[in-house]
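Asker: next input, structure requested:
(one chain, ligands or ions: 1)
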Amino acid sequence: MLPSRLSQAFTRAFTRTLTRVLTAPMPRNLCARAARACLVMSLLALSHGVLTAQPPAPAAVLGHTPGDDFYLADYSDTVRYFHALAAASDRMKIFTVGKSTRGQDIEVGVISSPQNLARLDEYKRIAGQLAHAADLDDAKARELARSSKVIVHIDGGLHASEVAGPQHTMALAYKLLSAQNDPEVDAILDQVILVLWPTLNPDGQDMVVHWYRQNLGTQYEVSPLPMLYQDYVGHDNNRDGYMLNMKEEQVVVKTQLEYSPVIFYCQHQTAPFPARIWIPPFADPISSNISPYVRSWLNVIGTNMAAYLNAHKMPGAISESRYDNWYAGFTDWAHVFRNEISFFTETALYEYATPHFYTVNDFPKDFQDLRALSLYTTPWQGGWWHLHDAVDYMVGGSMSVLDLAAKNRETLLYNRYQAARDTIQHFRKEPPFAYVISDRQTDTPEAGLLAQKMIDNGLDVYASKAGFQTSGVTYPAGSWVIPMDQPFAALAKELFERQKYPDALANGTSKAIDLPYDVTGWTLPLQMGVDVDAVTDPLPQEQRALLTKIDKVELPQVSVDGSGTVFAISHRTNASFQMVNAALKAGGTISLAQDPVKTAQGQETGAFLVAGLSRASVADLARKYAVPALAASAPPHTIAIRKARIGLYRPWNASIDEGWTRWILENYGFDPKSLYNADIRAANLRGRYDVIVLPDLTQKQLMDGFGIGVVPGQYVGGIGQDGLNNLREFTREGGTLIALNKTAASLIPLMSLPVQNAIDGFKSDKFFCSGALLRVNTEHAETPANFGVADEPVVMFQAGPVFKPMPGFHGAVLASYPKQTNHLESGLLLHPEAIEGKAAAVELAYGKGRILLYGFKPQFRGQSHATYKYLFNELYAFDHPPLAPEPAAKPAPTSEPEAAAHPDTRKVDEPEPE
Ligand SMILES: [Zn+2]
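Answerer: Okay, here's the model as predicted:
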């Protein structure tokens, strides 16, 4: 060994050299590359011999320390630093676990002692065995828990504007790798295997950091990013936890299943002001489907974290407050149903890496007296808040979790086993004993998709080799069965059952309920329009013998039957739209049957009729999309439909709903073009588009967008009055305008439409529904907008309008909330009487065109597949038949609204009675 002073000097020089070599751009010349490789090898060999535990500090690689004012590392910087660490230390390995939406490698660092890393595969296998309680009894599980290591997931977050998360991962990695003779770190490295993700959203980290760099030092330094920071979903990237629509989410869950961490910890940055960090325990309500081991340890972790932060002089941690975790779809929460202790914290943020000074006068009144609360033990006193403070708090939170995991390793591992064991035993005694999804139903491809989602979420799904009968129902061979005596069964129950949000008002008490933070009902079979049966009798052994575990769902074989040159396919399956769009692309022609024609699903008005393609081509498409076709001769009455030129409004004040809509349309073979403000403000919209979709926006987002001075000039404003006038003209000239949810409410006054939002301005004491599944009645099933829609579909209601036609109404109610019945299928609905008998969706004549107003979310987060048809049906160009007449109209006594000034051939309908 070298003398210590000399050693340190040597270490610094060595680290600089190694870093320079590792981080230099790759030479183009082959010889130079080879020379560099030799140099790296020899430096690394030297490092193993002499300097194992001296990895480079971030400043040596990046020129900055994570948390420096006005500096943010982007994703490639972060990964480059991870690689520099792994190259210099035997405490860290790096793995690529998948690809981001934009195709970047998603990399994770695995940190532990060299001895543990050498046995990583073995520890992963044991973690999986305990998580599944596979081939274990209590004694064997106890022995494994005693002798194995605990795996912990920590990440740098996924909401990219919450910038400290990825920076903290570099600081945390350096702390763990550079510590010498530090008992706390030594114990962590010895007991814990940390899977450290720089971020769950690499693309977003780059978008936000590059935007900040571009604006740094200008008046727009803290401007919001004028786009979604994850392609398609932006901030909703943590609302995809069970649906796994996004690539990043698929990678997260796949990696959980591979590593079986006991703890999943995600970093966020939206602390309730003036607290400096929000930590568990969560506010109520909480799902009863979560294992008690998980529920109680969430609280242990939170209170331990508060104590740890206090002990390290980081005041201002608060618990409970506003964050409930009722919604099962949070990315950093859904793992609880697989018995992982999964949670997040919310550290304070000013903006990006720009510091800010707060005085007590900036605090809300309730906090100005700096009084301690039982779950806010050390009130923050104000002062400067730098990015490095946020990084320090995050490192503190992460260290408290690692320290707790090291000290409770055996208990945590054994609990993971117990949670699995207890779940399996519970569902051997209590129903539901299984869920069954028939592979012959109205929308069989969607049924198959639901079964596949369950597989992707780590559940064991089986296909039945033969038909069978259970709980009085007969199922065909091929049906999918999810027996509940499996370790992650809680997830199936949580997703398949109807949610009953604790509702003190409904229970007749005077206590006001705590209003939910997110949606309250999400029952997947209802959202997807798939029949799933809960089996109430134990599955007999002879039935289980018929079941084969599957990794991939196989849909039933389909064929083209009958003879003729026109091919009828059902309008009731979503995949038919994919097939129709593919047929249009292949040069086929499509029409809609106006009278009932036979499809594989029986007699159907509105069936798609494909013509102009050979039987072989149709058969190829049918197989590809699993949609059966029936050949026949052309029926007499049809409506020809053509590919539409679709514009989807895309505000700079970015809209998550726009992103979801774009993603869904692209997935179903539509070809939407993004319409920015300038496009809508430009003349002749009708010459360029057939259909324009306005996603769910606030009126301010639509009309005004970002204010002057908030963002650089080109991103300022909404569609404005000019854009609105153009939308009016577009529709008068025969275009179709679709407005979703809040935008539908806004359009009523903006375009003087003859309908009223019957719950406009209602507070929660008169009506409340922030995301629940409600049943509606289909009206006018013969209208193309309703083709393929069920008689009583279930819609996702999320703070939208309900409509009441007013004098001068030309059009049709497409769906309505039934009178005197409870519309609520899942979640929370207060004061249902406010919407009884009102319209959920309407189609209005407007000049030569039409406006469709939807008071719900037909495409909610890529989940509500059962109502996609509302949107898809309108995304074709066709000559619409006149809207069906309503019962006799009363004379309209009031002044004529705007639309009435542009009468067309359609019927004037009666206003709704009060
Ligand atoms: Zn967040």
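
Asker: and stretch 109-119, end to end?
Answerer: Stretch 109-119 has an end-to-end distance of 16 Å (Cα to Cα, to the nearest Å).

Asker: in that stretch, what counts as buried?
Answerer: G109, V110, I111, S112, S113, N116, L117, R119 (16 or more other Cβ atoms under 10 Å). No exception for glycine: its C-beta is placed from N, CA and C like everyone else's.

Asker: doesn't the second one lie inside a strand?
Answerer: Yes. Going by DSSP: H, G, I helix; E, B strand; the rest coil, the assignment for V110 places it inside a strand.

Asker: now do the contacts for M170.
Answerer: Residues near M170 by Cβ atoms under 8 Å, 6 or more residues apart in numbering: P58, P66, A73, T78, Y81, F82, P198.

Asker: how about Y358, phi and psi?
Answerer: phi -120, psi 140 (degrees, to the nearest 10).

Asker: thought it was touching W385?
Answerer: Yes. Counting by Cβ atoms under 8 Å, Y358 touches W385, with 6.5 Å between them.

Asker: so how many other residues sit close to the nearest residue to G847 once chain neighbours are set aside?
Answerer: Using Cβ to Cβ, 6 or more residues apart in numbering and skipping residues adjacent in sequence, the residue nearest G847 is R732, 2.9 Å away. Neighbours of R732 under the rule other Cβ atoms under 10 Å: 17.

Asker: use 273 as the first number for this chain going forward.
Answerer: Right, with 273 as the first residue, what we last looked at is R1004.

Asker: find the centremost residue of this protein, please.
Answerer: Nearest to the mean C-alpha position of the chain, by Cα atoms, centre = their mean, lies D512 at 2.3 Å.

Asker: distance of that one from the ion?
Answerer: Here D512 is placed at a distance of 14 Å from the ion (Cβ to the ion, to the nearest Å).

Asker: so what's that residue up against?
Answerer: Neighbouring residues of D512 by Cβ under 8 Å, 6+ apart: V505, M518, E521, G601, T603, R1133, G1134.

Asker: reformat those residues as CSV; add distance to the ion.
Answerer: Shown next, in CSV, are the contacts of D512 (distance: Cβ to the ion, whole Å):
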residue, distance to the ion
V505, 13
M518, 16
E521, 15
G601, 14
T603, 10
R1133, 16
G1134, 20
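
Asker: for these, give me JSON lines that also has neighbour count, secondary structure and pLDDT.
Answerer: Formatted as JSON lines, these follow (neighbours: other Cβ atoms under 10 Å; DSSP: H, G, I helix; E, B strand; the rest coil; pLDDT from 0 to 100):
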{"residue": "V505", "neighbour count": "26", "secondary structure": "coil", "pLDDT": "98"}
{"residue": "M518", "neighbour count": "22", "secondary structure": "coil", "pLDDT": "98"}
{"residue": "E521", "neighbour count": "25", "secondary structure": "helix", "pLDDT": "98"}
{"residue": "G601", "neighbour count": "23", "secondary structure": "coil", "pLDDT": "97"}
{"residue": "T603", "neighbour count": "27", "secondary structure": "coil", "pLDDT": "96"}
{"residue": "R1133", "neighbour count": "24", "secondary structure": "helix", "pLDDT": "98"}
{"residue": "G1134", "neighbour count": "22", "secondary structure": "helix", "pLDDT": "98"}
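
Asker: possible to save these as TSV with distance to T650?
Answerer: Converted to TSV, the contacts of D512 look like this (distance: Cβ to Cβ, whole Å):
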residue	distance to T650
V505	36
M518	38
E521	36
G601	33
T603	30
R1133	38
G1134	42
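
Asker: and the residues you listed, which two are the farthest apart?
Answerer: Across the contacts of D512, the longest distance by Cβ to Cβ is 13.8 Å; it joins T603 and G1134.

Asker: please name the bridge partners of I918.
Answerer: When bridges are called by DSSP bridges, I918 pairs up with V963.

Asker: I'd say it and Y1148 touch.
Answerer: No. If you go by Cβ under 8 Å, I918 and Y1148 don't touch, sitting 9.3 Å apart.

Asker: closest to Q439 out of the contacts of D512?
Answerer: T603 (20.2 Å).

Asker: wait, isn't that closest one in contact with Y514?
Answerer: No. The pair T603 and Y514 does not pass the contact test of Cβ under 8 Å, sitting 9.3 Å apart.

Asker: between these two, what contacts are shared?
Answerer: Counting by Cβ under 8 Å, 6+ apart, nothing touches both T603 and Y514.

Asker: for the stretch 973-1122 of the chain, which residues score under the pLDDT cut-off?
Answerer: Regions of the stretch 973-1122 of the chain meeting the criterion pLDDT under 70 are absent.

Asker: tell me how far the residue in it positioned nearest to the ion lies from Q1070.
Answerer: Residue of the stretch 973-1122 of the chain nearest the ion, by Cβ to the ion: G1043 (18.2 Å). Between G1043 and Q1070 the computed distance is 4 Å (Cβ to Cβ, to the nearest Å).

Asker: which neighbours do those two have in common?
Answerer: V791.

Asker: quickly list what I1010 is bridged to.
Answerer: Here I1010, judged by DSSP bridges, has bridge partners V965, L1124.

Asker: so which residues on this structure come close to the ion?
Answerer: The chain has residues H431, E434, H540 near the ion, with proximity defined as Cβ under 5 Å from the ion.

Asker: among those residues, name the buried ones.
Answerer: Buried members of those, counted by 16+ other Cβ under 10 Å: H431, E434, H540.

Asker: any chance of the residues you listed in TSV, plus pLDDT?
Answerer: Converted to TSV, those look like this (pLDDT from 0 to 100):
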residue	pLDDT
H431	98
E434	98
H540	98
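
Asker: Serialize these to a markdown table and add fields for secondary structure.
Answerer: Shown next, in a markdown table, are these (three-state DSSP):
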| residue | secondary structure |
| --- | --- |
| H431 | coil |
| E434 | coil |
| H540 | strand |
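
Asker: any idea what K365 is bridged to?
Answerer: V382.

Asker: which residues touch it?
Answerer: A358, G381, V382, L389, L392.

Asker: between the residues you listed, which sits nearest the ion?
Answerer: G381 (21.8 Å).

Asker: wait, doesn't that closest one sit right on H355?
Answerer: No. G381 is not in contact with H355 according to Cβ under 8 Å; the separation is 9.1 Å.

Asker: please, which helix or strand holds the closest residue to K870 other than its chain neighbours?
Answerer: The shortest distance from K870 to any non-neighbouring residue, by Cβ to Cβ, 6+ apart, is to L902 (5.9 Å). Applying DSSP states H and E as the criterion places L902 in strand 901-904.

Asker: next SSE after that strand?
Answerer: Downstream of strand 901-904 (by DSSP H and E), the next one is strand 910-915.

Asker: what separation do you get for V351 and the ion?
Answerer: Distance, V351 to the ion, using Cβ to the ion: 22 Å.

Asker: my bad, V534
Answerer: To the ion, V534 is 23 Å away according to Cβ to the ion.

Asker: these two touch, right, that residue and Y686?
Answerer: No. V534 is beyond contact range of Y686, at 10.1 Å (criterion: Cβ under 8 Å).

Asker: which of the two has more residues huddled nearby?
Answerer: Neighbour totals were compared for V534 and Y686, and V534 leads with 28 against 20 (other Cβ under 10 Å).

Asker: all strands for the stretch 1073-1186 of the chain, in order.
Answerer: In the stretch 1073-1186 of the chain, the strands defined using DSSP state E, counting those that start in this stretch lie at 1075-1077, 1083-1088, 1096-1098, 1111-1118, 1121-1126, 1148-1150.
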